[in-house]
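In: can you look at this prediction? I've put the sequence above it.
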Amino acid sequence: MSDKKDSKDVQQIKTFRNFGVIAHIDAGKTTFSERILYITGKSHKIGEVHEGAATMDYLEEERKRGITITSAATTCHWREHRMSLIDTPGHVDFTAEVERSLRVLDGAVGVFCAVAGVQPQSETVWRQANRYKVPRVAFVNKMDRTGADFYKAVQSMRTRLNANPVPLVMPIGKEKDFRGVVDLVNMRACVWSEDDAREMTVSEVPADLLDEAKKRREQMIEAVAECHDTVLEKFVEGEEVTIPEIMVAIRQGTLDLKITPVFCGSAFKDKGVQNVLDAIVDFLPSPLDVPPIEGTNPENDEKVVRELLPDQPFAGLVFKTISDPNGDLTFIRIYTGEMQQGEKYYNARTRRFERIGRLVRMHAAQREPIDIARAGDIVAAVGIKDSITGDTLSTRENPVIYEAMNFPDTVISMAIEPKSGGDRDKLSEVIGKLVREDPTFKARTDEQTGQMVISGMGELHLEVKCNMIMNDYKIGVTVGRPKVAYKMTLKGPKQVEARHIKQSGGSGQFAVARVKFSTDPEVEELQFIDAVKGGSVPREYIPAVEAGIEAAIKGGGRVGFPYCKIVAELYDGQSHDVDSSAMAFEAAGVLAFRLAAEGNSQLLEPIMKIEIEAPEEKTGDVIGDLSSRRGLVEEMISKPGGISAVTGKVPLAEMFQYSTTLRSLTQGRGTYSMEPASYEPVPPNIAEKVLAEYAKG
């Protein structure tokens, strides 16, 4: 490949922007995304969420509910830059969609409500973006609403997100009189036309705002100067910092995750969206600005680091699959090399090749066919059979595996049965498809009752899945009452000797394992420690003991709740030259954990972090009701408009159908959001009832 071709490719990739829109439910993400499509000319009319016509919310369930359930991808252009935009859900039940989108995106726009500021789900998505080191710009939306306060929203980003927000604009007017912004970088006023907010008048900063604008510009330069040595030097020396220097410092600070540039506007009225589009081009990274992604060669476990360029061997990460009557879609972020339609690519996890039937670029539900996709692209492929979310596709000659995403455990489950016996196989097939699509949706068959049990992240999550089964796949189903996903742990440390010795003619089975069991809140499921000295348990049998303990932990006790937070230290044992085997030591591992758990187990339940917003005069009723549900109130904050925000923790088991109760307590004016916080011990009297109920089946 010639240098000329190389540099042409590099120049092209520099104009790519892969970004997501992240926020709390109802902050206005989808409205903001719709305005981007309209302003960039991708769609010729605006799809409104409240009318059920949003382009990005294309599923029937999304349009009925007015919320985003699945992340939608689209491509548009602004200032000769190609933008791949993913609109993600804000509801905690669909957190997997945010997780997998952030894993493959280079940048993000965080949308915040000017009235509510940082809300609970904003914190969750911000933490996810921190984990994947995604540079962000922020947009404070709904500036024309009563109670809107730009600087209060910025302050809440500091305190609640531990972020370093740097406003690059200053609002002109507030609430219903909000009409424009002062661009602090260029020191000019941008006022939107009343008839069409895409039309903007740029003028001198009004005299009555000049002093405040100068002060705020000085604060902005001070904040961004710390991100760039040259600018810092000039700032400290008291020299004039030029506009290009300020822009370079802002970009550097954003890419290094030191600052978050903040803008404001009203997406619903088209105000301020252009400023954010400019910021995406100016400050968010191209695929080349992101550090090369590290992978592992599955053949020899060596680290693989490649420049994210088309002339490298091909590698791409599967981050989403969608079942579709016209052929299942597999979404792929291409990191290196090129992917061509009709070619075969290697999946190191399955050790199989996948043939690419068709390649398409997505615009929500519409598909634009393409022949070839290159480094930096986000595309969808038709024809992939066995690859699932988190798999890496590469070439057989240069195989690589990239780190997959982490998804939270499910917290709620319920039984599901087809109304007609003839639909049983069809239901199993559909649920299999849904499980493949959504890593936080699980299904299993209950061994005692033979029923199919589905599990998910919350009531809404399971309700949406059941509606899809009934409406999209036309299968009538009966569902049981939702049940909490309990877990178990050990009450205290215990030392055991597990003897698995059987003699029944011919070679026998002989394994003795001595194990110390304890608990550690930092351990998710099991931490296994090999402390065997002097070969009392031969090296080749130690993994078998661990496998046995792990199987017993996952299988749960007599009621089938899996155990967690377990530390197992194998410190001694015995073996027999003839009768010992891996199978015997695995059985000893199972027995060891059963002995440790006998009379030494306690039930754990999922505790949710909750934030409730309600009128101040109803706060007492809300707190009283929360206490009756074993809830613990941690903080109460007054918000504009006579609203109180109550935050605390509450067991999930007490929160079924809570939305109905909250509506009646607050005359329909209360709202709440929950997210999983931790697993904590269940009070003994309640644990007794739960265990008795589950033991009955």
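Out: Here it is on my side, so go on.
In: and the gap between the residue nearest in space to the middle of the chain and Phe407?
Out: Centrality entry for the chain: nearest residue to the mean C-alpha point is Glu99, 2.3 Å, by Cα atoms, centre = their mean. From Glu99 over to Phe407 the distance is 6 Å, taken as Cβ to Cβ, to the nearest Å. For every residue, glycine as well, the C-beta is placed using N, CA and C.
In: next one: Ile501
Out: Applying Cβ to Cβ to Ile501 and Phe407 gives a distance of 41 Å.
In: C-alpha coordinates for the strand or helix carrying the residue nearest to the centre of the chain, CSV please?
Out: Per DSSP states H and E, Glu99 falls inside helix 95-104. Taking C-alpha atoms only, helix 95-104 is exported to CSV below (Å, rounded to 0.1, in the frame of the first residue of the first chain):
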residue,chain,number,x,y,z
THR,A,95,-28.3,-0.5,31.0
ALA,A,96,-26.7,-3.2,28.9
GLU,A,97,-27.5,-1.1,25.8
VAL,A,98,-25.5,1.8,27.2
GLU,A,99,-22.7,-0.5,28.3
ARG,A,100,-22.1,-2.1,24.9
SER,A,101,-22.5,1.2,23.1
LEU,A,102,-19.9,3.0,25.2
ARG,A,103,-17.5,0.1,24.7
VAL,A,104,-17.2,0.8,21.0
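In: leaving out sequence neighbours, find the closest residue to the residue nearest to the centre of the chain.
Out: Met405 (5.3 Å; Cβ to Cβ, 6 or more residues apart in numbering).
In: secondary structure element for Arg333?
Out: Going by DSSP H and E, Arg333 is in strand 329-336.
In: which strands or helices does that strand pack on?
Out: Contacts defined by 3 or more Cβ pairs under 8 Å, 6 or more residues apart in numbering; DSSP states H and E place strand 329-336 against strand 315-322, strand 358-363, strand 372-374, strand 378-382.
In: same thing but 10 Å
Out: Here strand 329-336 touches helix 95-104, strand 315-322, strand 358-363, strand 372-374, strand 378-382, strand 392-394, going by 3 or more Cβ pairs under 10 Å, 6 or more residues apart in numbering; DSSP states H and E.
In: in stretch 178-198, what's buried?
Out: 178-185, 189-192, 197 (16 or more other Cβ atoms under 10 Å).
In: pull the CA atoms of it into CSV?
Out: This file holds the C-alpha atoms of stretch 178-198, laid out as CSV (Å, rounded to 0.1, in the frame of the first residue of the first chain):
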residue,chain,number,x,y,z
PHE,A,178,-34.0,32.1,27.2
ARG,A,179,-33.1,33.2,23.7
GLY,A,180,-29.4,32.7,23.1
VAL,A,181,-25.9,32.2,24.4
VAL,A,182,-22.6,34.1,24.7
ASP,A,183,-19.9,32.0,23.0
LEU,A,184,-17.1,32.5,25.5
VAL,A,185,-14.3,31.2,23.2
ASN,A,186,-15.0,33.8,20.4
MET,A,187,-16.6,36.4,22.7
ARG,A,188,-19.7,36.9,20.6
ALA,A,189,-23.5,36.6,21.2
CYS,A,190,-25.5,34.0,19.3
VAL,A,191,-29.2,34.7,19.4
TRP,A,192,-31.7,32.3,17.7
SER,A,193,-34.5,33.4,15.4
GLU,A,194,-38.0,33.0,16.9
ASP,A,195,-39.3,31.5,13.7
ASP,A,196,-36.6,29.0,13.1
ALA,A,197,-33.9,28.3,15.7
ARG,A,198,-31.6,26.9,13.0
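In: give me the three-state assignment for Lys474.
Out: coil (DSSP: H, G, I helix; E, B strand; the rest coil).
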